[in-house]
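Colleague: build me a model:
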Amino acid sequence: MKSLLKNFCLLLLLSAVFISVSGCGIRYMVKGQVVDAETGKTIEGAAVAIKWYEYKFGPPYTSGYKKIEVAEDLSDAEGYFKLPKYAFKRHYMGVYKTGYICWDSDRIFHPDRIFYKTRFEKRKDHKFKNGMVVKLVPFKDTYPRDKHARFTIDTSIKCSASSIGIFGESIKSERELYRKFLRREQ
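Modeller: Below you'll find the predicted structure:
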């Protein structure tokens, strides 16, 4: 009987620990690096944003995605950045530096494809982990600036980077470019 009670108490304690850990998530910092995809040189001043979220089940009209945290950083002189990581949670991540194609953890922008819907491809190679390397592709003059501006804005929205945060401030020129494009279209 004592053994059964001891096992029950141990199971209860482990259940409480699991519930508390899975409810709030285990948070720690991850260090990554941003480099030029063509030269391999590190990129200083790249804006990096991440949004951590989870899906919450509930009664009708109450289920949905719940934001856990939004964090941003700028890569240092060696291209390094630090962002928080939550175990067992989902995320969106974006990296932007003027002169490069915006990097999105979910999609890849293909500037040479003709149609807007085919410009994107699902990213399959992304793992948010310590020591990760984000390779930014240099932006060429032949690429469609308006399409890239829209892609960059979409990435910013997914990362929940506000227009006054690090990522939002870094893409000001992309927002203005897209506004000009929309005015010309009208």
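
Colleague: mean confidence for stretch 159-173?
Modeller: Mean pLDDT, stretch 159-173: 86.

Colleague: the helices in the protein, which residues?
Modeller: Using DSSP state H, the helices found in the chain span residues 2-24, 145-158, 166-170, 172-185.

Colleague: could you list the buried residues of the last one?
Modeller: In this case it means helix 172-185. Across helix 172-185, burial judged by 16 or more other C-beta atoms under 10 Å covers 174, 177-178. Heads up, the C-betas are built off the backbone N, CA and C, glycines and all.

Colleague: quick one: list the elements packing against that helix.
Modeller: When contacts are defined as 3 or more C-beta pairs under 8 Å, 6 or more residues apart in numbering; DSSP states H and E, helix 172-185 sits against helix 145-158.

Colleague: which among the buried residues of helix 172-185 gets closest to Val137?
Modeller: Lowest distance from Val137 to those (C-beta to C-beta) belongs to Glu174, with 15.5 Å.

Colleague: what's near enough to touch that closest one?
Modeller: Residues near Glu174 by C-beta atoms under 8 Å, 6 or more residues apart in numbering: 96, 102, 148-149, 152-153.

Colleague: ok, for the spatially most central residue of the chain, nearest residue in space, not its chain neighbours?
Modeller: For the chain, Met93 is the residue whose C-alpha lies nearest the centre (C-alpha atoms, centre = their mean; 0.7 Å). The shortest distance from Met93 to any residue other than its chain neighbours is 3.8 Å, reached at Ser105 (C-beta to C-beta, 6 or more residues apart in numbering).
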